[in-house]
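Peer 1: Sequence and computational prediction follow.
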Amino acid sequence: MISFSSFSMREELMQAISDLGFETPTPIQQKVIPQLLSEPIDIIGLAQTGTGKTAAYGLPLLHHVDVSVKHVQCLVLSPTRELCMQIQEEMSKYGTHMRGLRITAVYGGVPITGQMREVRAHPQVIVATPGRLIDLLERKAISLEHVQYVVLDEADEMLNMGFREDIDLILKSTPAREHTWLFSATMSNEVRGIAKRFMKDWKEFAAGAANVTNENIDHQYFVTNHHNRFETLRRLLDFNPGIYGIIFTRTKQDAQEVSEKLMKMGYLVSPLHGDMDQKMRTKVMERFKSKALQCIVATDVAARGIDVNDITHVINYELPDDPEVYTHRSGRTARAGKSGICMSIVSPKQISNIRQIERLVKQKFHKSDIPDGAEVVRKRLFFYLEQIANAEPKADFAKLYRDSIHETFAEVDKDELIRKLIWLQLKDTIDAYQDTEDLNAGFEGKDRDRGGSRGNRFVRLFINLGEKDGLNAQKLLQFIIESTDIDANTIDRMTVRDMSSFFNVPGDAAEYIIEHLSNKKFKGRKVRLEEAEQRSFAGGGDSGGSSRGGYGGESRGGSRPKPQGPRFSGDVRSYGNKESAGGYKGKRKG
Ligand code: AMP
């Protein structure tokens with residue numbers, strides 16, 4: 001396997017890579033970096049954000065920079081100010097040991113005077129949005145006369161945003177340009193047009209097939225009627241207590257309204273859309289990055305270029321009109337080798353749109369069950385139990401209050417105490433989910449637990465495999481198909497839990513599937529399958545739990561139907577009460 005040490009890169013950069021803990025170069029880095037270090041020809045890199053493309057061009061760029069020369073040698077163009085700031089931040093990390101290196105970002109939405117001052121301080125690298133750069137050129141505040149390397153990052157996005165003429169003008173203002181490196185998630189005629197006009201004998205490198213979303217993303221959809229959309233969103237949030245995600249809406253107004261409704265209910269969320277000024281948006285991003293917020297509710301434009309690596313879920317509150325946009329949205333999760341989930345809330349009419357997107361991303365989407373009240377409560381219970389198991393109270397804390405704690409609980413039985421603590425933690429969830437209806441389209445008003453959904457149409461099967469076996473819906477589906485040879489479309493409404501899963505099959509296929517799977521082993525464990533009707537949906541210790549990969553058990557998940565009181569242990573931030581959510585709102589408005 002190629003390692004960073006096999007690249008002949010300047011020592012300061014190797015040091016930074018080691019500081020950052022990068023172990024192996026990503027696929028696009030493996031292809032692009034050796035070429036650009038040894039022979040920096042013109043290239044086109046087909047890669048989305050999250051593939052490590054910034055380092056793919058940033059490291060070679062810095063390798064070639066001469067820090068002793070005080071004029072702009074490298075220019076990186078990016079579509080949005082958010083991306084611009086992120087590129088500068090990322091490249092500054094790579095260049096941290098290069099004495100005398102200056103990387104300056106210039107972008108719109110902030111006063112130009114400060115940036116003019118920074119440009120006068122002789123940076124060797126400029127990262128810019130096209131509009132602001134042209135503004136600086138027109139004011140003669142910047143010279144691109146000595147620029148040797150130009151990178152066009154997210155070229156397709158820049159063209160989509162109407163920057164074609166600006167890009168042309170900027171490239172024409174770089175007479176000393178020797179190399180142009182173009183990066184794009186998609187390859188359109190327009191992107192090729194730029195290459196034809198401004199690049200010579202370029203080579204193309206792809207991080208994977210263009211337009212195809214990451215295989216680490218589990219695409220799920222939930223079918224509900226339009227008027228149940230918000231309630232479904234809420235249930236999905238509650239069912240995923242460790243969620244750290246982006247909820248996409250179609251309009252700014254929806255982003256604002258959905259967010260406000262969730263905030264009022266005590267969820268730690270905030271809107272992010274174009275009607276908010278830059279200062280406010282930066283603040284929201286800071287809060288999101290520091291995990292003071294569990295989700296942001298964003299429009300596509302505002303969320304562009306969000307560079308957060310450990311997003312666990314993307315939720316499409318509404319599907320975008322353009323299937324391409326779906327790939328941009330889902331690409332916010334499962335970055336840098338991690339896995340993630342993209343959930344879409346759709347109405348029955350929109351299932352055809354899902355099929356269209358499936359064809360584009362070349363992946364099967366899983367129709368999943370909107371969990372019922374009992375499932376939500378159980379999931380949150382197991383999440384809490386896991387948090388208790390993983391909690392490491394400070395020694396001082398225990399010492400300080402030991403006597404009074406013992407005194408208070410001297411007479412209380414251990415089981416009773418556990419019951420009380422769990423009740424305190426979950427009572428609001430339990431109350432809120434007492435008489436909830438089935439939100440899955442076609443089941444409204446019915447109580448599935450009492451058998452409302454049973455009939456001749458399908459049989460719900462239980463299988464004793466779940467997330468703890470390293471499975472998600474996609475992997476489980478694959479295992480079932482491979483073991484039984486049945487068609488993937490036979491399986492519907494799959495719910496993968498911690499140690500077990502459920503799915504629907506047509507009544508006449510159930511017996512066949514049970515028979516063929518029951519003898520199988522999965523990773524040495526005997527597979528057990530039975531009709532779910534024989535088990536209580538709400539009972540059994542087989543399910544619940546929350547630990548999906550790396551984020552289960554973290555104490556950030558605080559979403560719940562109603563704000564709750566003080567916690568036994570845990571993160572005040574994520575378990576903030578109504579006041580904390582309201583307080584935040586108050587601050588924003590003030
Ligand atoms: P990008 O696609 O450039 O937006 O990069 C996505 C994230 O991956 C950034 O936060 C980088 O710091 C991180 N990253 C880039 N290269 C590597 C690598 N080789 N190993 C681990 N993380 C990386």
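Peer 2: In hand now; what should we look at?

Peer 1: Gln115 sits in which helix or strand?
Peer 2: helix 112-120 (DSSP states H and E).

Peer 1: can you list contacts of that helix?
Peer 2: Helix 112-120 is contacted by residues Thr104, Val106, Ile126, Arg132, Asp135, Leu136, Arg139, Ala141, Ile142 when judged by Cβ atoms under 8 Å, 6 or more residues apart in numbering. All C-beta atoms are positioned from the backbone trio N, CA, C, and that covers glycine.

Peer 1: Quick one: find the helix or strand in this protein with the lowest mean pLDDT.
Peer 2: Ranked by mean pLDDT, DSSP states H and E, the helix or strand of the chain with the weakest confidence is helix 578-589, at a mean of 29.

Peer 1: now the stretch 251-400 of the chain, which segments are flagged as low pLDDT?
Peer 2: For the stretch 251-400 of the chain, residues meeting the criterion pLDDT under 70 lie at 305, 336-337.

Peer 1: Where do the strands of it begin and end?
Peer 2: With DSSP state E, counting those that start in this stretch applied, the stretch 251-400 of the chain shows strands at 269-272, 295-298, 313-316, 340-346, 366-367, listed in chain order.

Peer 1: what helices or strands is the second one leaning on?
Peer 2: Secondary structure elements in contact with strand 295-298, counted by 3 or more Cβ pairs under 8 Å, 6 or more residues apart in numbering; DSSP states H and E, are strand 245-248, helix 252-264, strand 269-272.

Peer 1: Turn these into JSON lines, columns for mean neighbour count.
Peer 2: JSON lines is the format used below for these (neighbours: other Cβ atoms under 10 Å):
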{"stretch": "strand 245-248", "mean neighbour count": "26"}
{"stretch": "helix 252-264", "mean neighbour count": "19"}
{"stretch": "strand 269-272", "mean neighbour count": "28"}
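
Peer 1: could you dump the helix holding Gln115 to PDB, C-alpha only?
Peer 2: C-alpha atoms of helix 112-120 as PDB (Å, rounded to 0.1, in the frame of the first residue of the first chain):
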ATOM      1  CA  ILE A 112     -12.900  44.300   1.900                       C
ATOM      2  CA  THR A 113     -10.500  46.600   3.700                       C
ATOM      3  CA  GLY A 114      -9.200  44.000   6.100                       C
ATOM      4  CA  GLN A 115      -8.600  41.600   3.300                       C
ATOM      5  CA  MET A 116      -6.700  44.400   1.400                       C
ATOM      6  CA  ARG A 117      -4.400  44.700   4.300                       C
ATOM      7  CA  GLU A 118      -3.800  41.000   4.500                       C
ATOM      8  CA  VAL A 119      -3.100  40.800   0.800                       C
ATOM      9  CA  ARG A 120      -0.500  43.600   1.200                       C
END
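
Peer 1: Buried ones in that helix, by neighbour count?
Peer 2: Gln115, Val119 (16 or more other Cβ atoms under 10 Å).

Peer 1: Quick one: mean pLDDT for it?
Peer 2: If you average the pLDDT over helix 112-120, you get 95.

Peer 1: Which positions in the protein make contact with the ligand?
Peer 2: 22, 25-26, 29, 49-55, 90, 307, 309, 335-336 (Cβ under 6 Å from any ligand atom).

Peer 1: Please repeat the previous calculation with a cut-off of 5 Å.
Peer 2: Contact residues, the chain versus the ligand (Cβ under 5 Å from any ligand atom): Phe22, Pro25, Thr26, Thr49, Gly50, Thr51, Gly52, Lys53, Thr54, Ala55, Ala336.

Peer 1: can you tell me the helix or strand for the first one?
Peer 2: Here Phe22 is covered by no helix or strand, with elements defined by DSSP H and E.

Peer 1: what's the spacing between the spatially closest residue to it that is not a sequence neighbour and Gln30?
Peer 2: Residue nearest to Phe22 in three dimensions, not counting chain neighbours: Phe4, with 6.6 Å by Cβ to Cβ, 6 or more residues apart in numbering. According to Cβ to Cβ, to the nearest Å, Phe4 and Gln30 sit 10 Å apart.

Peer 1: go on, Cys295?
Peer 2: Cys295 sits 34 Å away from Gln30 when distances are taken as Cβ to Cβ.

Peer 1: With Thr436 instead?
Peer 2: Distance from Thr436 to Gln30, by Cβ to Cβ: 50 Å.

Peer 1: Low-confidence regions, the chain specifically.
Peer 2: For the chain (pLDDT under 70), the answer is 1, 208-214, 305, 336-337, 443-457, 533-590.

Peer 1: give me that answer again for 50
Peer 2: Flagging of the chain using pLDDT under 50 yields the residue ranges 209-212, 444-456, 534-590.

Peer 1: residue at max distance from the center of it?
Peer 2: Residue farthest from the centre of the chain, counting by Cα atoms, centre = their mean, is Glu411 at 47.6 Å.

Peer 1: So which bits of stretch 190-210 are buried?
Peer 2: By 16+ other Cβ under 10 Å, the buried positions in stretch 190-210 come out as Val191, Ile194, Ala195, Phe198, Met199, Trp202, Phe205, Ala206, Ala207, Ala210.

Peer 1: now swap in stretch 218-235 and tell me
Peer 2: For stretch 218-235, by 16+ other Cβ under 10 Å, it's 218-224, 228-229, 232-235.

Peer 1: pretty sure Leu75 is in a strand, no?
Peer 2: Yes: the assignment for Leu75 (DSSP: H, G, I helix; E, B strand; the rest coil) places it in a strand.

Peer 1: is it true that it touches Leu171?
Peer 2: No: the criterion here is Cβ atoms under 8 Å, and Leu75 misses it with Leu171 at 9.5 Å.

Peer 1: quick one: the helices in the stretch 251-400 of the chain?
Peer 2: All helices of the stretch 251-400 of the chain, identified by DSSP state H, counting those that start in this stretch, fall at 252-264, 278-289, 300-303, 323-330, 351-361, 373-390, 395-409.

Peer 1: Quick one: closest of those helices to Ile41.
Peer 2: helix 323-330 (28.9 Å; Cβ to Cβ).

Peer 1: Tell me who's in contact with Leu171.
Peer 2: Val150, Arg177, Thr180, Arg197, Phe198.

Peer 1: Just the residues you listed: which are in helices?
Peer 2: Arg197, Phe198 (DSSP state H).

Peer 1: And Glu407, how far from Phe397?
Peer 2: To Phe397, Glu407 is 17 Å away according to Cβ to Cβ.

Peer 1: same thing with Arg164?
Peer 2: Distance from Arg164 to Phe397, by Cβ to Cβ: 60 Å.

Peer 1: Phe239 too?
Peer 2: Going from Phe239 to Phe397 by Cβ to Cβ gives 32 Å.

Peer 1: neighbour-wise, which of the two wins?
Peer 2: Neighbours of Phe239 and Phe397, each counted by other Cβ atoms under 10 Å, are more numerous for Phe239; the result is 21 against 10.

Peer 1: For the ligand, see how far away the more buried one is.
Peer 2: Distance of Phe239 to the ligand, computed by Cβ to the nearest ligand atom, to the nearest Å: 28 Å.

Peer 1: Can you add secondary structure and give the buried residues of stretch 190-210 back as JSON lines?
Peer 2: Below are those laid out as JSON lines (three-state DSSP):
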{"residue": "Val191", "secondary structure": "helix"}
{"residue": "Ile194", "secondary structure": "helix"}
{"residue": "Ala195", "secondary structure": "helix"}
{"residue": "Phe198", "secondary structure": "helix"}
{"residue": "Met199", "secondary structure": "coil"}
{"residue": "Trp202", "secondary structure": "coil"}
{"residue": "Phe205", "secondary structure": "strand"}
{"residue": "Ala206", "secondary structure": "strand"}
{"residue": "Ala207", "secondary structure": "coil"}
{"residue": "Ala210", "secondary structure": "coil"}
